[in-house]
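**Q** Curious how this folds, go ahead:
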Amino acid sequence: WDMAETKGGGPFKALLDVDVLVNCIYLTTKIPAFLTREMIEGDKKLGVFVDVSCDTSNPNNPFPFYNQGTTLDKPILPITGLKTPLDVVAIDHLPSLIPLESSINYTKALTPYIKQLIDKDALVTQPVWKDAGDLMVAKMKEAGL
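**A** Predicted coordinates for the structure are as follows:
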């Protein structure tokens, strides 16, 4: 699922029909819940929810059925009182579990964009740099800068 599938707003009953759900959205504004406590209390296939975003204290959290993170020592938070079990994994530094692999993959993904900066006009001609610049300007305006 991506922005196209979620743009209409939740909740999304179809998310209950998967075994594992991984949330990794970039949340900046209030959106309707993707799943609610009431929804997970009923019949569901969903057994594991991995929250890479870790928006546990964010008032805009689209998964309001839990409000605490987990740790490497205690990675599972069982949600109790449900008809069928649901385990939450919300380790705020989950990518650090595989730092070498993460670094290698990040470098491979980022290097082509860094190489674009050789072109002095890249900030206006290359979409990724233009988008980043536009976002920076918008955020600076929001901050009154």
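
**Q** per-residue confidence at the closest residue to Pro62 other than its chain neighbours?
**A** In this structure, Pro62 finds its nearest non-sequential neighbour in Phe34, 4.3 Å apart by CB to CB, 6 or more residues apart in numbering. C-beta: built from backbone N, CA, C; applies to glycine. Model confidence at Phe34, given as pLDDT, is 93.

**Q** what does Leu86 give?
**A** pLDDT, Leu86: 96.

**Q** What are the phi and psi values at it?
**A** For Leu86, the backbone dihedrals are phi -140, psi 120 (criterion: degrees, to the nearest 10).

**Q** Counting neighbours, what do you get for it?
**A** If you count neighbours by other CB atoms under 10 Å, Leu86 ends up with 22.

**Q** need the strands for this protein, in chain order.
**A** 20-23, 48-51, 77-79, 86-89 (DSSP state E).

**Q** any chance of those strands in a markdown table, with distance to Ala122 too?
**A** Shown next, in a markdown table, are the strands of the chain (distance: least, CB to CB, whole Å):
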| stretch | distance to Ala122 |
| --- | --- |
| strand 20-23 | 33 |
| strand 48-51 | 35 |
| strand 77-79 | 44 |
| strand 86-89 | 39 |
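
**Q** pLDDT weak spots in the chain?
**A** 94-98 (pLDDT under 70).

**Q** ok, back up a step: could you point out which of the strands of the chain sits nearest Asp121?
**A** Closest approach to Asp121 among the strands of the chain (CB to CB): strand 20-23, 37.6 Å.

**Q** Pairing partners for the closest one, with directions?
**A** strand 48-51 (parallel) (DSSP bridges).

**Q** got a list of contacts for the strand it pairs with?
**A** Asp19, Val20, Leu21, Val22, Asn23, Phe63, Leu86, Asp87, Val88, Val89, Ala90, Leu94 (CB atoms under 8 Å, 6 or more residues apart in numbering).
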